[in-house]
Each structure stands twice: as structure tokens, then as C-alpha cells.
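Participant: okay, sequence plus prediction incoming.
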Amino acid sequence: MAAENSKGEVNDLRRMTMIWVVLSVVADLLFWFLVGPHVPPGRMTETAVNNQRTFNVLLVIALPVLIGVWVYLGYAATMWSAKREGVAESVGGEGARTNRKVQVWWIALTSVIVIFLAGYGTFAVIAEHGSGGGEGPNPVWSPSGATQAETAALSGSSSWTPGHVLVVQVIGQQWKFTYRYPSFGGFESDKLVLPVNTEIAFNVTSLDVIHSFWAYQLSVKADANPQLNNVAYTETKHTGNFTVRCSELCGLWHGSMYNFGKVVSSTDFMNWASTTQSANAANTANLPPFAWTYVPDANGASGGWYPDGTVTPYSTVETYGSKTPAS
Amino acid sequence: MTISAERPTDVVASISAPPPSAASSWTQRPGWLSQHLGTAIVGAVLGYVLGHWFGNFVSSSYPYIANSGQNAIADALGLSVGVLGWLLGIGALNYPLAKMIGREGGEEPAVEGWSKYFRYSLDHKTVGMQYIVGVLLFMFTGGLLAMAIRTELLNPTTHVFSPDTYIKIVSEHGTIMMMMATSIIVGPLGNYLVPLMIGARRMAFPRIEAFSFWIFVAGYMVIFSALPFGGFPTGWTGYAPLQTQAGPGMVSYLLGFAVIGLGMMAAGFNIAVTIINYRAPGMTWSRLPIFVWSILATAALLTLATPVLFAGGLFGLLDKTIQTSFYVTEHGGSSYLWQNLFWFFGHPEVYIMALPGFGIVGEIMPVFTRKPLFAYKVAAAGMIGVALLSFFVWQHHLFQSGINPDMRPLFMLTTELISIPTGFIFLVGMGTLYKAKIRYEVPMLFCMALFFNFLIGGVTGVFLSDVPVNVTVHGGFFVLSHFHYTIMGGLLFAFMAGLYFWLPKMTGRMMNSRIGKWHFWTMFIFFNLTFFPMFVIGLLGQPRRVFTYASNLQGLNDFSSVSAFLLGISFLIFFANLMWSMFISPVKAPANPWDSLGLEWQTANPVPPYNFERIPVIMTDPYRYSEPGAPAFADMGDGLTQSSSTTSSDQA
């Protein structure tokens, strides 16, 4: 390309570079200051803030790449079109076939960008305790106090005071999410209420097929797998409402599998939790003991496999965590 | 005296004479008494009835089947024996069966005229044409289903379909399109062009090649049979345990993938062997047309990745029929096994779809820029690099699934690394355009569009591979838009470029250029208007495969839907053009309408059954455009050893 340094050639490249620089700077600035602060998932939790920042950093790098290629394509398409008057004939030969300098620069530049992005992503994942994504049953990046809180939750000796990690279990089933609070006697609710300024440890599991717990504004997403505890962390920063949707196809009513949760002050949360704990006490007594996963029985939610061949309607009361087959 | 005249390659003299045969058997009768599509359909129906009956006979008294109202064993056996009957009916098994009982397999009779397209043809050019009809049929079906999806999404609360019907449509659309896309370029253009481009008279394994096409059609019918069976609710990814829970339509899905998988392995194996062993003298690796490089990389992926899909489908089939528990967690299996097997195939699969597109633009751009392909070796290296790396990225589909968290940085790195060799293709394209005198024929327009679309698809892929961003975009419309940009915006645009470019060679008829430009602009504009809003829809929180969504997203969804309908119309323009230019008002194509230096344009038109009267001798690098005095690419034995008309001024 740049092998023969004629004057016209330099002008072409210089013109493209100038257009590219101007457009890139304008686009990046506009994006960073006007759009960036409003990019989903917002700023309700620490993971949301960080994931938003990562998205913005990626886009600020991506925009010049997009604009660079587009400017080049647009320039080539108009300036070097055979329809244009006075366009020089194509020149073949060795110079048109290869140019080591350009090739090396291109490969070096793309490699540097890509490796920087991978490094930055890795840093963000580690610093943010998994960035709100499901880390599986043995999270390697967890906030301080999380392990103790989870151990306590399982042993039934858990209680929560403001400022500590709150363990919440998310149970997916066709087609709803329910939530258990081990720190409050293990009651189960179809409402997700969280205290503000608190590190939350979501322990996500499923009773039947794979769902995905996606608390959109919290920037938490973790697949709900049967018989697996998938842990995701976030720290709430602002009060408000958020949406929970299932983001893994789970059958017929997948599209309707959503509900709403809210982040409230610690006092309000304590009031809600203790009220619900006592109101639900009779139901809680029928629930299986708090565990990370629950094994559905033969009559239960795994569906299709009925030893006696009869299809019994799904019943939460009879089969939830029970170990004896219904038939 | 030319180089190839000195070589002892025989002139194929009696190409129209029937090949010598020991004994004429019933397989060799001419006309309707022999084997063709009709006998294949009869075989398939008989096979299905027989297999279904046998399955019921064997298993209907099993306790878990007796009162369940469904018998997956009968369904699976019906479809399997149906496929077997189809293969018997078309004559795919005549030769191997004859060999098995120790007889010399009879040659398939050479059939002239249009009826050869309905038979088990061993001519790679016939197979290529058959594939065109096959993939267009696939694409038409999948496209109609896409229209249905966008119709349902016009309104978040008023529904056209029941959720049950909707999820079946979504699943069927995804699966049919994915299956179609594995073959859309390798099948029609790969089979037709590879032997012509490497100077071979035939494929290495013509029977395996014909098998790959006819089993592809069988796979289409098997996956389509899911609808009369009641559909399947899992989307094209077929995740267990939903897969285990699903009804009989799931059998069609699992068996369909296994059947298509057989075809993909066969096609890949045959094409790879052909490219490695059947190159004309002088066709060194550094002289191989870039399209052939892309098909070789794709063939390697087809051969190596598809067995995993085949095994995965088989495991699922066993789970559904005889109650094994490969994917049933509570019986010792793992739903992760399916996710890993599926994506271990599934990610190389998306490069099976991307690479041939890169090959097509690499092949076409030099013709319309009258310049050599820039950085040829980098292009070939990019394709090999993409193919290799594609085996090491599959867990990025599982970032939020609860896999070992240590794996996430690794797969983030490998996934982002793959954008380096993909970037090579952009370097090659942009370098080829540099200071060229670009002619905007329809194929070139599609090539330019590919770079525009694939750039968006590729860059959003980097967002998806970033774990923190993945939390927001995984499983939503963002990823949906991303892969439509790569597969439809890349592969399908390349396929269209290839059709407009090579149909004159394949059929001897030109595609109408004016309707072609209408087709291009409507497809390009409405493709982008359909899918770009989906990035925003996804970021605003709409998950995939939902039939209801937040009411504030209705405006964007409606915009996307209306654009999708107009995109559908652009395909009607394409079909109209195809019908008009091929059948209604055909215009005879010149021998080399684009003035390409490619070997495929140097042989006679229409291409004789054995492609080259003499095997050509390759004398130099490909793409020596605008290079006065350059030697001709190949010595065809006709005495022409100087390249003719290679500059843009010769076009006038």
C-alpha cells in the first residue's frame, strides 16, 4: 500500500485519518457524557455501576474501530468508484499484493486492543466478585464475610444484621421465581425484597429445568440449574424497584416468568422480613429444611418421567423437596 | 506446444458414452423405472410406517410408555427407518450394499436432461445445483417462520399465537435456519466450484458427496416433522432437562441434528480430501484460490466438530427413548453435559457459517477491483486461525451457567483472541479496495455490505465475550441481534454475492442486474433496520424467545417487525429475479461475464461432465489483475499462456 509514496496516496490516507479522528473524538465524547451514564443496567448496585462502566469503556474503544472501517469503506466506495471521472486505473503487481509494514501494524494493533480488553475484563470480574454473574457452587471470588454467612445459612444458625452479607436463595421453577431467606427462619416468598447498602449473596437453584435469574437493574444473572447452587454477588447501592426476568428458555410460559423486586432501607427490610417470617410460619414448617438444592421426587417437577405412567398435576405442597415418590 | 499438452493427461474422449458396466441391473433402467426422488419418497413413507409399527410392537407394553400417550421409541424408529428407506429409495445404498455381498457395484447411469436433478447424481455440478434448491427451500421455510415471530411481537399483550405455538415457531425457525446455514455455501458453491477451482475432474468421493446432499434433504424432512409431532419447546439449543421433558417433537430435533450431522461430516470429509489430493499440477498451497482455502477450513470444522453434535444428539435420543440418563441430573447425568457437547460443536459451527462467506468476498473483490487480493497469506492464515481457535471458545456460552468460575477469564481471552484472525479478513478486504477502480456490479455490492454488517456483528461479539457486559446481554435480544448480524449479515450476504457471481457459470444465464440492485438495496437497508434496533431492545432488558415483553419496548419492536416484513419482501424480489432471469426471460451469459482470471471461468461453458478436457497446469499465483505481461493463471492446453484483459480499462 504505502510502498510507493506518491503524493496522491499520502493525501488519501491523510484525509481519511482526519475524518476518522474528528468523527471518533466527537462520537466518543458524545457517548461518554451523554449516553454513557444512562446505559443499562443503571446504577442501582455496585455490579451495575461497574458493568455499566465496562460497557462504556468497551464502546469507547469500539467506536473508533467501527468509524475507522466505515470511513475507509465509505471513502473507497465514493472516491475510488469506477463511475467517478478521472479515477486512476488499478495497479497490480507486488506492491498491491502485499505490504509487510501494513500487515505487521494491523496485526500488532488488533492484538494489543484484544489483549487489553481481555485483561480489563478479567480485572473487572475478579475485582467485582464475579461481576454479578453466576459463579457456580464454589465461587472463587467472593466478598468478605460471604463464606461465613453461607455456612451459617446452611447450618440454620444464621441471622442478619445491617452491614453484613445477606444470603438469599432464589428458586426457579416452571414458571416462577420464589425466594428463601435463611436468616429469617428460612421462609419462602414470591417477593424479592433487599436491604440497601448490603452485600447480597444470591444462591440460585431450580426445581425442574434450567432457568436464568436475571435481576436486570441489579446486574445479576445466574442460571438456575436443578441440583446445583449457582452463587452470584452484588452490593445494593440505591433503593428502588427492579425487574426479575427469566433469561433462559424454560418452556411454555418462559415469556411470562417475571416479577418485580425492591431495594428498601435496612429498617424497612427488617420490618418486612420479620412480619413475613411470622405470617408465613405455618407454611415454613411444611417446607423442607433449608438446603442449597432440592431433589424433586418422581411426581415432581422434572416432568415426563412418571413411573406409573400417569401424569399428575404439579403440586408444590406435596412434592416440594419430599423424598418419597407419590405413587 | 503448451505445458499441459506435453503432459500425459488423456483427453476425455467419450464423455457422453455410457460407462462400461458388467451387468445391467434394475438400478440401471432408464426413466421412471429406475430410482429417483419418487422412489425415495415411497421408501421414506414405507420406512416410517414400518419403523413406527416395529417400535410400537416392541415397546408399547413398557410401563413407562403404556399409558403415557406417547412412544418416543416408535417415533425415533419410524423416523430412522424412514431415513433409511429414503436412502434406499434414492439409490444411495446400492453401491455399498453390492460391495458388502461381494459383487461389483454397478455404475449409476449417466442421465441427461433435467431429470438428473431428481436422482442420485455423482456429478459435483449436479449436486451443487441440487443443493441450491435444497438450501433455498430451507431458507424459505425458516424465513416464513421468522415472519410469524415478528408478527407475534408486534404487540406485547395482544397475541396472534398461543405461547405454545409461538415457542414451537421460534424453535423451528432457529433450528431450520442453523441447519440451512451449515450448508448454504459449502453445499451449493463448495460442491460446484471446488473441483473447477482446483482443476479437478471430479470430487474425491462422488458417492459420499451425493450422500451428503440426499441426507441433508432427509434431515430437513426430519426436523420439519417436529411440527406435525407437536413441535419442541427448547429453541435451537435444545437444553436439557427441558429437552428431556419435551414431547415427541423433540425426537425430530435430536434425530434431525444427527441426520444433518451425518451429511455435514460426509460433505466435510469429501471436500477436505478433494482439496488436499485433487489439485491440478502446479496448484501449490500458495496458489490455491482463497475461496478454496475457506472451504478447506470449513471442511475441517465440519469433519471435526460435527461428530460431537452427532454423539450429543444420540445421547439425547437414548434419554428420550430407552431412559438412559446422560442429561438427567437426578439419575447421575448432567445437564451441563449437553451444554458442553452442544456448544463444543456449536461454536465451531458458527465459524462453519462465517468462513465460506470470507472466502467468497476474498474471491470476488479482486475481480471487481481489478487488483490482486491483498495479503493473500494473511487471509489464509486468518481462516486457519479462526478454525483452530474456534475449538477453544465454547464455554463463553456458559458464562452465567455456573461453570467453574476460573474458566471465565480463559474463555474470555480465547474468544477475544479470535477477533485477531477475523480482523485479518478486514485487512485483506480493505487492502484490496485500496486505490482500486471499483466496479459496482451486484456481487460487489453484497461483498461491501458484508464488511459493513460483519463489523457490527464482530464488535458486538467482543461485548458478549466480556464477562461483566455479558451479565446484561447474555440470553437477550442483544445476542440475538449479534448472531443475525454475523450469520445473516455475513454468510447470507456472501451467499447472495456468490449466487449473482457464479450463477452465470452454473446455469449459463445472467441474473438481471437491475432487479438485482433493487434486491440488494432493499435487503441491505431493511436487514439493518430490522436487527439494529434489537441491540437496543436487548440492552433495555428483553430476553430472547419471549412472546410478551415490557410495554415500553413496543415502539422498537414494531419498528423491527415492520422492517422485517420489508426484508421478507426483498427476498421475494430475489425469488422474482431468480425466476425471471433463469426461466421466464433468460439472457445467455457470456463465457466470462465478469472478466475473472479464476480457473472456473476458463473451462468451456456449459461445463463438460468431466470439467476439463485436459487437466490444466497452474503456472502462477491467482489474482494477477492489472499486471501487464503476467502469465496466465493456468495453461489449459489451448496455447494461451498470456493473461488477457486484466485491467479495468479493458472492461469498457
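Facilitator: Nice, thanks for sending it over. Residues are numbered from 1 along each chain as shown, chains lettered A, B, ... in the order given.
Participant: hey, which helix is longest across chain B?
Facilitator: Across chain B, the longest stretch assigned as helix under DSSP state H is helix B:335-369.
Participant: that one packs against which elements?
Facilitator: Under the contact criterion of 3 or more Cβ pairs under 8 Å, 6 or more residues apart in numbering or on different chains; DSSP states H and E, helix B:335-369 touches helix B:163-183, helix B:290-321, helix B:376-389, helix B:419-433, helix B:442-465, helix B:477-486, helix B:493-507. Placement of C-beta: from N, CA and C, glycine included.
Participant: make CSV out of these and add mean pLDDT, distance to chain A and mean neighbour count.
Facilitator: Shown next, in CSV, are the helices and strands packed on helix B:335-369 (pLDDT from 0 to 100; distance: least, Cβ to the nearest Cβ, whole Å; neighbours: other Cβ atoms under 10 Å in any protein chain shown):
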stretch, mean pLDDT, distance to chain A, mean neighbour count
helix B:163-183, 93, 5, 23
helix B:290-321, 95, 9, 24
helix B:376-389, 95, 6, 21
helix B:419-433, 95, 4, 24
helix B:442-465, 96, 5, 24
helix B:477-486, 96, 10, 23
helix B:493-507, 95, 14, 25
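Participant: for residue A:49, which of these is the nearest?
Facilitator: Closest to residue A:49 of the helices and strands packed on helix B:335-369, according to Cβ to Cβ: helix B:442-465, at 17.5 Å.
Participant: and the closest one, C-alpha only, in CSV?
Facilitator: C-alpha atoms of helix B:442-465 as CSV (Å, rounded to 0.1, in the frame of the first residue of the first chain):
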residue,chain,number,x,y,z
VAL,B,442,-24.4,-6.7,-7.8
PRO,B,443,-21.9,-9.3,-6.3
MET,B,444,-19.6,-6.5,-5.4
LEU,B,445,-22.3,-4.6,-3.6
PHE,B,446,-23.1,-7.7,-1.5
CYS,B,447,-19.3,-8.0,-0.7
MET,B,448,-19.1,-4.4,0.6
ALA,B,449,-22.3,-4.9,2.6
LEU,B,450,-20.7,-8.0,4.3
PHE,B,451,-17.9,-5.9,5.6
PHE,B,452,-20.3,-3.3,7.0
ASN,B,453,-22.6,-5.9,8.6
PHE,B,454,-19.9,-8.3,9.9
LEU,B,455,-18.1,-5.4,11.5
ILE,B,456,-21.1,-4.7,13.7
GLY,B,457,-21.6,-8.4,14.3
GLY,B,458,-17.9,-8.9,15.2
VAL,B,459,-17.6,-5.9,17.5
THR,B,460,-20.7,-6.8,19.4
GLY,B,461,-19.2,-10.3,19.8
VAL,B,462,-16.4,-8.7,21.8
PHE,B,463,-19.0,-7.1,24.1
LEU,B,464,-20.6,-10.5,24.6
SER,B,465,-17.3,-12.2,25.4
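Participant: report the angle between it and helix B:493-507.
Facilitator: 150 degrees (axes from the mean of the first three to the mean of the last three Cα atoms, to 10 degrees).
Participant: after helix B:442-465 comes which helix or strand?
Facilitator: Sequence-wise, the next helix or strand downstream of helix B:442-465 (DSSP states H and E) is helix B:467-473.
Participant: need the mean per-residue confidence for that next one.
Facilitator: Helix B:467-473 shows a mean pLDDT of 94.
Participant: please see if that helix touches chain A.
Facilitator: Yes. Counting by Cβ under 8 Å from any Cβ of the partner chain, chain A is contacted by helix B:467-473 at B:467, B:468, B:469, B:470, B:471, B:472.
Participant: please name the nearest non-neighbouring residue to residue B:557.
Facilitator: Of all residues not flanking residue B:557 in the chain, residue B:153 sits nearest, at 5.1 Å (Cβ to Cβ, 6 or more residues apart in numbering or on different chains).
Participant: does the one you found really touch residue B:556, like I thought?
Facilitator: No. Using Cβ atoms under 8 Å, residue B:153 is not in contact with residue B:556, being 10.2 Å away.
Participant: those two - which one has more neighbours?
Facilitator: Between residue B:153 and residue B:556, counted using other Cβ atoms under 10 Å in any protein chain shown, the more crowded position is residue B:153 (23 against 17).
Participant: the more buried one and residue B:464, how far apart?
Facilitator: Look at residue B:153 and residue B:464: by Cβ to Cβ, to the nearest Å, they are 22 Å apart.
Participant: repeat for residue B:438
Facilitator: Taking Cβ to Cβ as the criterion, residue B:438 is separated from residue B:464 by 33 Å.
Participant: for residue B:601, same thing?
Facilitator: Plainly put, residue B:601 is 40 Å away from residue B:464 if you go by Cβ to Cβ.
Participant: same thing with residue B:311?
Facilitator: Distance from residue B:311 to residue B:464, by Cβ to Cβ: 27 Å.
Participant: picking that back up, can you state the direction angle for the longest helix of chain B and helix B:376-389?
Facilitator: Here the directions of helix B:335-369 and helix B:376-389 differ by 170 degrees (the same axes, to 10 degrees).
Participant: nothing else from me, thank you.
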